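[1] Sequence plus the predicted model coming up.
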Amino acid sequence: MKSQTKKRIILLILSFLVFSFIAYESNTNADEATGGKEVIPLGEVDSLKVRIKFGAGRLDLTSGKEDFFEGDFQYENSILKPHINYKV
């Protein structure tokens, strides 16, 4: 009976170590932010109608650039990657 208890304790400890390692690895990968840059040229457009949907974070808008849109993005998960759609 004591042999069975020792085996269960060892199995529990090994399971804990494996799950701890998996949790640590997934957490270190989440800390690495990915990003990108997007540029939409202005061309010969006189005016544009813009609709912005922005879920979370910080958004700075300025005017007077040579392009319609120029932005740098940083996000930690591909689900959070911004999608930019526009019509001229």
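    Sure, I can see it.
[2] Can you get me a residue count around F68?
    When neighbours are counted by other Cβ atoms under 10 Å, F68 registers 15. All C-beta spots, glycine's among them, are computed from the backbone N, C-alpha and C.
[3] partners of whichever strand or helix holds it in the sheet?
    F68 belongs to strand 67-75 when assigned by DSSP states H and E. Looking at strand 67-75 with DSSP bridges, its partner strands are strand 34-41 (antiparallel).
[4] Going along the chain, name the helices of this protein.
    Counting by DSSP state H, the chain has helices at residues 2-30.
[5] Give me the domain ranges for it.
    1-32, 33-88 (automatic domain parsing).
[6] and these as JSON lines, adding mean pLDDT?
    Shown next, in JSON lines, are the domains of the chain (pLDDT from 0 to 100):
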{"stretch": "domain 1-32", "mean pLDDT": "75"}
{"stretch": "domain 33-88", "mean pLDDT": "73"}
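[7] list the contacts for Y75?
    Contact partners of Y75, counting by Cβ atoms under 8 Å, 6 or more residues apart in numbering, are 33-35, 81-82.
[8] Cool, thanks, signing off.
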